[in-house]
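Novice: attaching a predicted model along with its sequence, questions to come.
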Amino acid sequence: MKPAKEGLVSIVILNWNGKQDLDKCIKSIWANTTYRDFEIVVSDNGSTDGSIELLEALKKKGRVHKVLLNGKNLGFGGGNNVGIEAAKGEFLILLNNDTEPLKGWLKALVRAAEQNPEAGIIGPWFPNADQKDTIFGPGFVDDRGISRNSFIKEQCFAEMVSGGAFFVRREVIDRIGVLD
């Protein structure tokens, strides 16, 4: 792994045929991010829906910093790993292309990381993409061993962080490796 740039947050977005969601996600990042030391890295898993053309246009406008074209679907882990390897940040956030971050989201995550240096991974809260009035966030493992996402902050046991959005320190990736 390359040395991380201190303070930089690499926002790694995995995409596969999600042009409309991806466009909304990137617009939302720029509209709602007050923390300015970030890069957007998009790893595309062989999209055929016009996503690549959108990404090329967004890169020309400076709205996306790195576009990684995998040529085929590498799956969740493989596609994110391509983005992780290309990212330069001290912190990374793996962000699903169908998320729409809220105002101040990234500054709050960086602050949480700074205030909790023992935390390797931090899970943000986002409105559920399908039901904007519900919150999607970290989750728990139920009595049967099944992982569940929590939609109510007060009822979250925070035993796990959703793969849809998680903030991780580069040093954790360096220590344990990339995704399986």
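Specialist: In hand now; what should we look at? Numbering: from 1, shown residues only.
Novice: SS state for residue 14?
Specialist: Judged by DSSP: H, G, I helix; E, B strand; the rest coil, the three-state class of residue 14 is strand.
Novice: please, where are all the strands along this structure?
Specialist: 5-15, 38-44, 66-69, 89-96, 121-122, 126-127, 135-136, 139-141, 147-149, 165-169 (DSSP state E).
Novice: tell me the contacts of residue 76?
Specialist: 14, 163, 179 (CB atoms under 8 Å, 6 or more residues apart in numbering). Where C-beta positions appear, they are placed from N, C-alpha and C, glycine not excepted.
Novice: wait, doesn't the first one sit right on residue 81?
Specialist: No - the pair formed by residue 14 and residue 81 falls short of the contact definition of CB atoms under 8 Å, at 9.8 Å.
Novice: neighbour count winner among the two?
Specialist: residue 14 (28 against 20; other CB atoms under 10 Å).
Novice: where does this structure dip in pLDDT?
Specialist: 1-3, 126-162 (pLDDT under 70).
Novice: longest single helix anywhere in this protein?
Specialist: Ranked by residue count under DSSP state H, the longest helix found in the chain is helix 19-32.
Novice: enumerate the positions of stretch 163-180 that are buried.
Specialist: By neighbour count with 16 or more other CB atoms under 10 Å, stretch 163-180 contains the buried residues 163, 164, 165, 166, 167, 168, 169, 170, 173.
Novice: which two of the residues you listed have the greatest separation?
Specialist: 164 and 170 (20.3 Å; CB to CB).
Novice: what does stretch 106-113 rub up against?
Specialist: With CB under 8 Å, 6+ apart as the test, stretch 106-113 has contacts from 9, 11, 33-35, 38, 91, 93, 119, 122, 124, 167, 169.
Novice: if we go to 7 Å?
Specialist: Stretch 106-113 has contacts (CB atoms under 7 Å, 6 or more residues apart in numbering) with 9, 33, 34, 35, 38, 91, 93, 119, 122, 124, 167, 169.
Novice: and for stretch 89-97?
Specialist: Contacts of stretch 89-97 (CB under 7 Å, 6+ apart): 4-15, 18, 21-22, 25, 39, 80, 84, 109-110, 113, 164-170, 173.
Novice: and stretch 66-73, by the same measure?
Specialist: 16, 39, 41-46, 52, 55-56, 59, 79, 82-83, 86.
Novice: for it, list every residue counted as buried.
Specialist: Those buried within stretch 66-73 under the rule 16+ other CB under 10 Å are 66, 67, 68, 69, 70.
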